[in-house]
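Asker: following is a predicted model, sequence given first.
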Amino acid sequence: YVQSEVHYDYGDVFLFYSDGLTETRNLDGEFYGIDRLKKLLKDIHIEPGDTIVKEVTLAVERFSKAQVFEDDLTVIVVK
């Protein structure tokens with residue numbers, strides 16, 4: 001692991017997630033990926049943490065058209 005220091009400000013959002021989130025595939029075999037996750041978080045970052053978790057989970061379900069995943073789908077938000 002690489003240790004680093006990051007400065008943050010009031011209102012910043014930390015999103016911790018397992019690889020099962022970004023590696024979820026749609027019917028065409030395409031990964032959900034980090035870019036989709038970044039775009040979604042940019043759109044919803046002002047929401048409460050529990051809403052962000054729900055929206056991320058729903059977005060992945062809609063993308064994959066599944067509610068059961070091959071890998072774990074862990075999402076934690078700290079505001």
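Answerer: Happy to help now that I have it.

Asker: contacts only, for the residue nearest to Arg25 when sequence neighbours are not counted.
Answerer: With sequence-adjacent residues excluded and distances taken as CB to CB, 6 or more residues apart in numbering, Arg25 is closest to Phe31, at 5.9 Å. C-betas here are computed from N, CA, C, even on glycine. Neighbouring residues of Phe31 by CB atoms under 8 Å, 6 or more residues apart in numbering: 22-25.

Asker: switch the cut-off to 10 Å
Answerer: 21-25, 63-64 (CB atoms under 10 Å, 6 or more residues apart in numbering).

Asker: tell me the pLDDT of the nearest residue to Val13 once chain neighbours are set aside.
Answerer: Closest residue to Val13 apart from its sequence neighbours, by CB to CB, 6+ apart: His45 at 5.0 Å. As predicted, His45 sits at a pLDDT of 95.

Asker: what is the neighbour count of His45?
Answerer: The number of residues packed near His45 is 14, by other CB atoms under 10 Å.

Asker: any idea how far it lies from Asn26?
Answerer: With distances taken as CB to CB, to the nearest Å, His45 is found 24 Å from Asn26.
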